[in-house]
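# below is the sequence, then the predicted model.
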Amino acid sequence: MKNMTCGLFTLVTAVFSVAVPCSAFLFSAGLTMADEPLPVLYQDDFEGGADRWSPTDDSKWKITAEDGDHVYHLLGKSDYAPPHRSPHSISLLKNLSVSDFVITAKVKTLQSSRAHRDMCLFFGYQDPSHFYYVHLGEKTDPHANQIFIVNNAPRVKISEQVNSGTPWKDDTWHTVKLVRNVDDGLIEVYFDDMSSPQMVAHDQTFQWGQIGLGSFDDFGMWNDLEVRGRKAVRDSDQ
């Protein structure tokens, strides 16, 4: 694995925990998700605030009341310059790294309609130069509405299957689901229709990491996040 460093991990199961070298974990921690549902690792409706989240720019995120609910509100492009061409607005979930997972969330764009209006999901996040993200763009092209990898270089699309664009509706909450299986590198993205993926990729470069919410440079809201998966605990997560 190029351009990566990592230390000791703890593989967590329902029965035991055992310290293993990073390399052993990265190449052997797969789970056949069809066997049984993955356990719930985290849920957030943002009613208690956003203390578990770490944004690239604190001033661009806040908790907002909407229709008697509370949501995680992104207020536009963050004042953050990534080391390589990739999104500016990222808020990472603290103290949780995962391998296999299923993430579901509610998302709303507040951006006016344009080809690249977007919201993004981040996963396999190792550091600012090594991660994946899903760009839910309104129109598909090589730089929008794709699954991307950032691997110590500007983002590169790895999508094998995409739709013509994410069907955003103004002032509307949508449901997004992101599926990851490290054994075969599967990545699937669902949007409103939970029976058919809108994007599909296979990649095994990063087999663990943090997850995050955000956008390349737009406005939007997130709510009702659920993470099912298998933990990979780093020293910084403890």
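Sure thing, it's come through. Note that the coordinates shown come from a computational prediction; the quantities given were computed from them, not determined experimentally.
# buried residues in the longest strand that the chain contains?
Longest among the strand segments of the chain by residue count, using DSSP state E, is strand 219-233. Neighbour-count burial for strand 219-233 flags 219-225, 227-233 (criterion: 16 or more other Cβ atoms under 10 Å). C-beta here means a position set from N, CA and C on the backbone, and glycine is covered the same way.
# any chance of those residues in TSV, plus pLDDT and distance to Q43?
Written out in TSV, the entries for the buried residues of strand 219-233 read as follows (pLDDT from 0 to 100; distance: Cβ to Cβ, whole Å):
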residue	pLDDT	distance to Q43
F219	96	25
G220	97	20
M221	98	17
W222	98	13
N223	98	11
D224	98	8
L225	98	7
V227	98	7
R228	98	10
G229	98	12
R230	97	16
K231	96	15
A232	87	19
V233	67	19
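# picking up where we left off before, packing partners for the longest strand of the chain?
Judged by 3 or more Cβ pairs under 8 Å, 6 or more residues apart in numbering; DSSP states H and E, the packing partners of strand 219-233 are strand 8-12, strand 40-44, strand 69-75, strand 98-109, strand 210-215.
# in this structure R52 contacts D44, no?
Yes: contact status for R52 versus D44: in contact at 6.9 Å, counting by Cβ atoms under 8 Å.
# and the two? Which one has more around it.
When neighbours are counted by other Cβ atoms under 10 Å, R52 and D44 differ, and D44 comes out ahead with 20 against 15.
# quick check: beta-bridge partners of I103?
With DSSP bridges applied, the residues forming beta bridges to I103 are L178, V227.
# I'd like the distance between it and D58.
Distance, I103 to D58, by Cβ to Cβ, to the nearest Å: 23 Å.
# neighbour-wise, which of these two wins?
For the pair I103 and D58, the greater number of neighbours falls to I103 (23 against 13), based on other Cβ under 10 Å.
# and that one, what is it in contact with?
When contacts are counted by Cβ atoms under 8 Å, 6 or more residues apart in numbering, I103 is found next to L121, F123, K177, L178, V179, I211, L225, E226, V227, R228, G229.
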